[in-house]
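Novice: Return atomic coordinates for the entry below.
(2 chains)
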Amino acid sequence: MRKAINLEINGKKQALEIEPNTLLLDLLRMDVGLTGTKEGCGEGVCGSCTVMVGNELVRSCLTLAMQVDGKTVTTIEGLADGATLHPLQRKFLEHGAVQCGFCSPGLIVTAKALLESNSDPSEAEIRDAIRGNFCRCTGYVKIIEAILAAAAELRSAANA
Amino acid sequence: MALPKFDYIAAKSIDEACSALAANPDGGKLIAGGVSLLRVMKFRIMSPDCLIDVKSIPGLRYIACSKDVLRIGATATSSDVLKSPDVEREFPLLSHAIARIATTAVRNWATVVGNICVGHTASDPSAALLALDAELVIASPSGERVLPIGEFFTGHMSTALKEAELVREIRIPLRKEPTGMSYLAHAGRAAMETPLIAVGAALAGSDKKCTGASIALAGAAETPVRLSRAEQALVGGELNERAIQNAASIAAEECTPDSDVYASAEYRRRLVGVYVRDALRAAANRIGEAK
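Specialist: I've put the predicted structure just below:
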């Protein structure tokens, strides 16, 4: 039996009726059409499906949508300001941190959460923050460079 | 991967959750973060008819520290426990164990009570709580009982929870004496891996005389276990390298690991000897730093 759920996704209120067995990942991709969030392993290990609920990162592939009733969700689609990319997105492109791109949405959302709690992370702190996001193309070096560059840009914008 | 179909109840009180469990004796299952449960449901290892949400019960997401006991509520997340200065100060062993769990995105949603209720033999928080003599407050329609965590684990993925019971709270007694603690784990890779074996150790007293020893293992038996013979070998004696080596040898003999696709029983037994030794050394060194 379908149940009613109300949530706010990337600033937009959504009133939906879903089956209780709907995962947050499938609600985002299939009910709302936000296909930026990817399903990789489907068991919480690879990090491709990472989104924010409130201010916290979660694995949308292991999150029951009914448990997100009344909460706010931020996905990769919520980062850009219209046609202007978020600095993290821009730095990922500039540094070649995107190859096949499948892990990028989860990595960028994870990096955003990191930079919100720590505006000047060390390389070691970045490595720890992204330990649960697997990238099989880049070898992580370019991803870390991109996050460091985005952090520096966001800091200088905040001080300007 | 889609989930099998089920009904969902957002419980608003412990009584409501217990009643819903009693009303669904064959197919009702509690869900907190669901990180473990949804995974096994995706693989059709479990297909409950009805999930009863405990995260929707108000007032259970807390970590409270008094002068005798630290209490962790049923819906406190792993991240909540990791961020707690009380836990870091009183039980660094538990903080270190929880820091090992997966990654932030998992710890933010998963609960510590949920983790132990899965009953996984290689659960990091289970071994840590076992080393710390934690007790569980278990609610049911007929009232509450308090169970030492050592009596909670009955097999891999199986616990002493009876029909319509719910773990409401974890209680950890505060240490009266200066206690050094350590938690060490061995996993195949650095991140996102269940440990092959893990050791939680707590030593009280001084290097002249050990007055208390707890050693708990994860991944080295059907359930998380305490190593009582190795503990007894330490208590009453000096805490020197010889005593530690001796206790580590006893630990390797005393444990009862199984072979699986990840490691043989013999390899795990060797790991136990090495990791118990290292955890005891670290715990002994930290007694002086403890309060």
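Novice: Surely A:T63 and A:L23 touch.
Specialist: Yes - under the criterion of CB atoms under 8 Å, A:T63 makes contact with A:L23 at 6.5 Å. C-beta coordinates here come from the backbone N, C-alpha and C atoms, glycine included.
Novice: Quick one: the helices in chain A, in order.
Specialist: A:24-26, A:87-94, A:104-117, A:123-129, A:141-159 (DSSP state H).
Novice: Now do the buried residues in the second one.
Specialist: Of the residues in helix A:87-94, those scored as buried under the neighbour-count criterion (16 or more other CB atoms under 10 Å in any protein chain shown) are A:87-92.
Novice: could you redo those residues as CSV and give each row pLDDT and distance to chain B?
Specialist: Listed next are the buried residues of helix A:87-94 as CSV, based on pLDDT from 0 to 100; distance: CB to the nearest CB, whole Å:
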residue, pLDDT, distance to chain B
A:P87, 98, 21
A:L88, 98, 16
A:Q89, 98, 19
A:R90, 98, 23
A:K91, 98, 21
A:F92, 98, 19
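Novice: Could you check how far the spatially most central residue of chain B is from B:A97?
Specialist: Central residue of chain B (CA atoms, centre = their mean): B:S126, 1.3 Å from the mean position. Separation of B:S126 from B:A97 (CB to CB, to the nearest Å): 9 Å.
Novice: pretty sure the residue nearest to the centre of chain B contacts B:P224?
Specialist: Yes - under the criterion of CB under 8 Å, B:S126 makes contact with B:P224 at 4.4 Å.
Novice: Now do the shared contacts for these two.
Specialist: B:153, B:218 (CB atoms under 8 Å, 6 or more residues apart in numbering or on different chains).
Novice: Name the nearest residue to A:T63, ignoring sequence neighbours.
Specialist: A:L24 (4.1 Å; CB to CB, 6 or more residues apart in numbering or on different chains).
Novice: mind listing what that neighbour touches?
Specialist: Taking CB under 8 Å, 6+ apart as the contact definition, A:L24 lies against A:51, A:53, A:58, A:60-61, A:63-65, A:68, A:73.
Novice: So which of these belong to strands?
Specialist: A:51, A:53, A:58, A:73 (DSSP state E).
Novice: ok so, going back, quick one: which of the contacts of A:L24 is nearest chain B?
Specialist: The closest of these to chain B turns out to be A:V58 (CB to the nearest CB; 4.7 Å).
Novice: Could you tell me the per-residue confidence at the closest one?
Specialist: Per-residue pLDDT puts A:V58 at 98.
Novice: Kindly report the same for B:T194.
Specialist: pLDDT for B:T194: 88.
Novice: Measure how buried the residue nearest to it when sequence neighbours are not counted is and give me the count.
Specialist: Nearest-residue entry for B:T194: B:A122, 4.9 Å, with adjacent residues in sequence omitted and distances by CB to CB, 6+ apart. Using other CB atoms under 10 Å in any protein chain shown, B:A122 has 21 other residues around it.
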